[in-house]
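Enquirer: sharing a model prediction with you, sequence too.
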Number of protein chains: 4
Amino acid sequence: MVMFFKRSSKSVAAKEDGEKNSFPEIGTGRLEAFSDGVMAIAITLLSLEIKLPDYHGDLLGDLVTLWPTYVGFVLSFMLIGQVWLNHHAVFHILRVVDQRVLIFNLLLLLDVVFLPFATSVLADSLEIGSEARVGAVFYGGVMVVGGLLFNALWHSAIRNPSNLKFEISESVVKRMSLRFAFGPFLYMFACVLGIVNVWLSIGTYICLIMFYMMDSMSTSRG
Amino acid sequence: MVMFFKRSSKSVAAKEDGEKNSFPEIGTGRLEAFSDGVMAIAITLLSLEIKLPDYHGDLLGDLVTLWPTYVGFVLSFMLIGQVWLNHHAVFHILRVVDQRVLIFNLLLLLDVVFLPFATSVLADSLEIGSEARVGAVFYGGVMVVGGLLFNALWHSAIRNPSNLKFEISESVVKRMSLRFAFGPFLYMFACVLGIVNVWLSIGTYICLIMFYMMDSMSTSRG
Amino acid sequence: MVMFFKRSSKSVAAKEDGEKNSFPEIGTGRLEAFSDGVMAIAITLLSLEIKLPDYHGDLLGDLVTLWPTYVGFVLSFMLIGQVWLNHHAVFHILRVVDQRVLIFNLLLLLDVVFLPFATSVLADSLEIGSEARVGAVFYGGVMVVGGLLFNALWHSAIRNPSNLKFEISESVVKRMSLRFAFGPFLYMFACVLGIVNVWLSIGTYICLIMFYMMDSMSTSRG
Amino acid sequence: MVMFFKRSSKSVAAKEDGEKNSFPEIGTGRLEAFSDGVMAIAITLLSLEIKLPDYHGDLLGDLVTLWPTYVGFVLSFMLIGQVWLNHHAVFHILRVVDQRVLIFNLLLLLDVVFLPFATSVLADSLEIGSEARVGAVFYGGVMVVGGLLFNALWHSAIRNPSNLKFEISESVVKRMSLRFAFGPFLYMFACVLGIVNVWLSIGTYICLIMFYMMDSMSTSRG
């Protein structure tokens, strides 16, 4: 349907500009589909990082010792899920996108695609124990960069009001801007906590993700 | 098309509530696309768990000794396929979703994404032999949790009648509720059977999946 | 748009049947999306089977000795691509699907998802040399089963004329039936050739796929 | 919406040609979805090539020594991203496709799917050091072939003016033809540079990708 509106607006535009504006506006449909695909794959590849060690006579014991991997798996799953929900919220209010949005979207996806590796680093470092802080800070760094890129995507998307759907009010945009802007700072805070204690850091990540989910649950259908 | 109705209903809502309800209703389109993506990937990643051992002079023999992996592959493939069919049935009758549905959907997908690992645990345990029951109960536990999350998703989806498409009758909803409610109990039963005998358990899983498929085949076009 | 017609036909049906036929007809949209997803992933996972051996001082030599893997990769890529083109052709003429189609579609996808493993078996057997025939027959068997399942899907799809789009003529359906029916026989022939000589078999597979592609290129646009 | 126009044009066509042209025109919807899927998966699988070595007492050091893998990852990510943007641009101006386009599209995807392997070859060769030029030329070769296939796809797509959307002007088509035609030559140039020095080659690839992105950013909304 997005396409329907794009199409009609395009015909109008074509009439007004003639040859000049001959390249049509880009709807959000295929961008969403591609991004959904990348995020769906990244979230599913997380499971490939969970691997049984070679059998030593105690399968149940092996399953238990994998706990750092489970922690990393659930944490990153919820995180990518949260990115997807926010991505969904952003493109839900957009009518068209331009190349700048396409490119920042690509950079955000690059960060998302890097997460399964960062997760395995975190899980490995938890298993090693003595290096857990390196893993936590590395993982946190990837999250901070992701948060910054998300804000860059958001601001490139809304910088031109004609990109938005007509019925979106300014107050909605402002509320979302504020909400997204907090992300990198909170992740940075959790990342720095990782220098002190890795579990403090992981606990904070989990709280942040749950808080965002609860929050969006309560505000989305005001 | 889903989007078309969402759009029109949204405009109506916007007029009624003014600023208050400024955040638009969420159609099911992108949620379905994302879920389809995740399930499609999880179902395909199952094949990565099938690996030829290093060559010892008998390729045919190696292919035969892989039978536990084949069993796990087919079982999990049909299982995820069944989840997809049911997911399809649920979202087919929904008009819009809210954040709670989005989140329970994410949790269900987390369980689905975990299945390739659970499948490899089951296949490994069948190969080891003496530990087969651990594998069967672990695998069954993942299925039980999946069944419970599916019911949670279903009830969060239908708790608000305005989420449903207009022409869906109450009797259809009741029939589906009953059908889904049985799932976790049956999987729990098969899981407990795994403590007695792993093949009893696997046989029951296969029967359950085939029964559900047959059943949905006969009832879907009343 | 598929959905548009489904929707309208559904409203009509709802009026005619009242409560009885309360479960709506299923459009092909989500089935296609899911199948596309699975085939896209299976076709891409093929690349994971290409792996550099550990470095022994001659990277170029290593890249050359991987040739059986390249053969398997290209063969399976074109094969899944061909399945996708045919799948596309089938669902292009369908208006709605029922549960039987959904299930045969799942079984076809199960075969497709198994192909990356069969490809690695073929490539390994070519590398081993003495076991190449085992690999060729195993691979051919998977193709034959796939061809049979495709025909099962096709016949379950067209068994009810009301499943088809209105403007599809019977002659088109007959032509497609004939074309698909040849598949399993030709693959079976190539599979049996594999017992005599593996390259005869692989050459035949490649010829078949190219013939089908050329053929569809010439017939598709009247 | 694509489908809407396809559908209407099809009905018209059906009336004009009767039985003769009974096979309907193929919209771009499913082709785009499949291609998006393959490119989304290929771009995400790149992350699987990044693997921590076994732990030797220095996690931070291990993360640093992985730098060739990061370079390959970012380079190939931006490259596939660029292919996707161009692919998007091509299908954005197409109204329908024929079998020839479907097949060249498949061949382009084959090249894209091969890229994660080529990337791992490049990264391995950078790690080995002495063999870096082999890796750079191999990688460059895959890019050159990709560029040639993209041009083949483009020219098969536009060879029939009725494939284009009605409002697309000839000047847009010419501009795009010129832009795409440069690609293979530039990649060939960067590939040959790899014989001299691998970093010269990689630097050129990065410049090319960034130039194309900047360029498309400035011209897309003229």
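Expert: Done, it's in. Numbering: from 1, shown residues only, chains lettered A, B, ... in the order given.

Enquirer: how far does stretch A:158-165 stretch from start to finish?
Expert: End-to-end distance for stretch A:158-165: 11 Å, by CA to CA, to the nearest Å.

Enquirer: now do the buried residues in that stretch.
Expert: Neighbour-count burial for stretch A:158-165, counted by 16 or more other CB atoms under 10 Å in any protein chain shown, picks out A:Ile158, A:Asn163, A:Leu164, A:Lys165. Every residue, glycine included, has its C-beta placed from N, CA and C.

Enquirer: ok, now stretch A:109-121?
Expert: Neighbour-count burial for stretch A:109-121, counted by 16+ other CB under 10 Å, picks out A:109-121.

Enquirer: which of the buried residues of stretch A:158-165 lies closest to chain D?
Expert: Nearest to chain D out of the buried residues of stretch A:158-165 is A:Asn163 (CB to the nearest CB; 10.5 Å).

Enquirer: now do the same contact list for that closest one.
Expert: Counting by CB atoms under 8 Å, 6 or more residues apart in numbering or on different chains, A:Asn163 makes contact with A:Leu94, A:Arg95, A:Val96, A:Val97, A:Asp98, A:Val101, A:Ala157.

Enquirer: switch those residues over to a markdown table; also include pLDDT and distance to chain C.
Expert: Formatted as a markdown table, these follow (pLDDT from 0 to 100; distance: CB to the nearest CB, whole Å):
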| residue | pLDDT | distance to chain C |
| --- | --- | --- |
| A:Leu94 | 84 | 22 |
| A:Arg95 | 82 | 21 |
| A:Val96 | 80 | 21 |
| A:Val97 | 81 | 22 |
| A:Asp98 | 79 | 27 |
| A:Val101 | 87 | 24 |
| A:Ala157 | 87 | 25 |
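
Enquirer: max-length helix in chain A?
Expert: For chain A, the helix reaching the highest residue count under DSSP state H is reported as helix A:99-128.

Enquirer: do the helix or strand just after it and chain B meet?
Expert: Towards the C-terminus, the helix or strand next in line after helix A:99-128, according to DSSP states H and E, is helix A:132-158. No. Using CB under 8 Å from any CB of the partner chain, we find that helix A:132-158 stays clear of chain B, coming within 15.0 Å at best.

Enquirer: and the helix or strand that helix A:132-158 is followed by, is it in reach of chain B?
Expert: Note on helix A:132-158: by DSSP H and E, the next helix or strand toward the C-terminus is helix A:170-196. Yes. Under the criterion of CB under 8 Å from any CB, helix A:170-196 makes contact with chain B via A:Ser171, A:Val172.

Enquirer: now do the buried residues in stretch A:184-200.
Expert: Buried residues in stretch A:184-200, counted by 16+ other CB under 10 Å: A:Pro184, A:Leu186, A:Tyr187, A:Met188, A:Ala190, A:Cys191, A:Leu193, A:Gly194, A:Val198.

Enquirer: out of those residues, which one sits closest to chain C?
Expert: Distance to chain C, by CB to the nearest CB, is smallest for A:Tyr187 among the buried residues of stretch A:184-200, at 30.5 Å.

Enquirer: didn't that closest one look like it was pressed against A:Val145?
Expert: No. With contacts counted by CB atoms under 8 Å, A:Tyr187 stays clear of A:Val145, the gap being 9.1 Å.

Enquirer: how far away is the closest residue to A:Val145 other than its chain neighbours from chain B?
Expert: Leaving aside its sequence neighbours, A:Val145 sits nearest to A:Asp111 (CB to CB, 6 or more residues apart in numbering or on different chains; 5.5 Å). Between A:Asp111 and chain B the computed distance is 18 Å (CB to the nearest CB, to the nearest Å).

Enquirer: A:Leu122: what's it in contact with?
Expert: Here A:Leu122 is in contact with A:Pro68, A:Gly72, A:Leu75, A:Gly135, A:Ala136, A:Phe138, A:Tyr139 (CB under 8 Å, 6+ apart).

Enquirer: residues in contact with the last one?
Expert: With CB under 8 Å, 6+ apart as the criterion, the residues that contact A:Tyr139 are A:Ala118, A:Thr119, A:Val121, A:Leu122, A:Gly194.

Enquirer: for the second one, same thing?
Expert: A:Gly72 sits next to A:Leu46, A:Glu49, A:Thr119, A:Ser120, A:Leu122, A:Ala123, A:Leu126 when contact means CB under 8 Å, 6+ apart.

Enquirer: leaving out the residues flanking it, which one is nearest to it?
Expert: Excluding its sequence neighbours, the residue lying closest to A:Gly72 (CB to CB, 6+ apart) is A:Ala123, at 3.9 Å.

Enquirer: again with the first one
Expert: Nearest-residue entry for A:Pro68: A:Leu126, 3.5 Å, with adjacent residues in sequence omitted and distances by CB to CB, 6+ apart.

Enquirer: right, and the one you found touches A:Ser120 too?
Expert: No. Counting by CB under 8 Å, A:Leu126 does not reach A:Ser120; the two are 10.7 Å apart.

Enquirer: related to what we said a few turns ago, show the model's pLDDT score for the residue nearest to A:Pro68.
Expert: On pLDDT, A:Leu126 comes in at 85.

Enquirer: same check on A:Val2?
Expert: Here, the pLDDT recorded for A:Val2 equals 30.

Enquirer: A:Gln57 is in what secondary structure piece?
Expert: One thing to correct before we go on: residue A:57 is Gly, not Gln. Using DSSP H and E, A:Gly57 sits in no helix or strand.

Enquirer: identify the residues contacting A:Ala157.
Expert: Taking CB under 8 Å, 6+ apart, we find A:Ala157 in contact with A:Val90, A:Leu94, A:Val97, A:Val101, A:Asn163.

Enquirer: switch the cut-off to 6 Å
Expert: Applying CB atoms under 6 Å, 6 or more residues apart in numbering or on different chains, we find A:Ala157 in contact with A:Leu94, A:Val101.
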